[in-house]
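**Student:** Sequence unavailable; structure follows:
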């Protein structure tokens, strides 16, 4: 009983100390979490310099069975500028030969009906971009543009 009397007189002080300690620990934990998850300012990326690479005109047979269909298209590839000069008559650039081969293979796999819609053309652009990036090492194709597009 004596112990209970001694504690009961000091109980409010003990409760206050415990509450202050819990609040101090909570404030410390909050400050630690705020500092550790501090949002960093997003790094500013310099815009990537790009260049236009005119791949020229392509005339290919489409994959329509039994009915000969043709696609005539002019292509321009937007590439990350690496300082190389591309294109031009008689350049004899091995990269250009690989690029044109990749384009012809990608174009000739499609059927006319697949390319009639905008979704079909967008899918073809995406496929051409992937094919060019695979075919040419060290050059990153950012986008592909049709400068003319005709089917028959």
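**Tutor:** Structure received. Just so you know, these numbers come straight off a predicted model, no measurement behind them.

**Student:** what residues go with each domain of this structure?
**Tutor:** Listed domain ranges for the chain are 1-44, 50-151 (source: automatic domain parsing).

**Student:** how about these in JSON lines, adding mean pLDDT?
**Tutor:** As requested, the domains of the chain are arranged in JSON lines below (pLDDT from 0 to 100):
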{"stretch": "domain 1-44", "mean pLDDT": "69"}
{"stretch": "domain 50-151", "mean pLDDT": "89"}
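
**Student:** so of those, which one's packed in deepest?
**Tutor:** Mean neighbour count (mean count of other C-beta atoms under 10 Å) peaks for domain 50-151 among those, with a mean of 15. Every C-beta, even on glycine, is put in place using the N, C-alpha and C of the backbone.

**Student:** roughly how far out does that one sit from the chain middle?
**Tutor:** How far domain 50-151 lies from its chain's middle: 20 Å, per C-alpha atoms, centre = their mean, to the nearest Å.

**Student:** Return the residues in contact with residue 123.
**Tutor:** residue 114 (C-beta atoms under 8 Å, 6 or more residues apart in numbering).

**Student:** three-state assignment of it?
**Tutor:** helix (DSSP: H, G, I helix; E, B strand; the rest coil).

**Student:** Distance of it relative to residue 32?
**Tutor:** Residue 123 sits 50 Å away from residue 32, going by C-beta to C-beta, to the nearest Å.

**Student:** now residue 20
**Tutor:** On the measure of C-beta to C-beta, residue 20 and residue 32 end up 19 Å apart.
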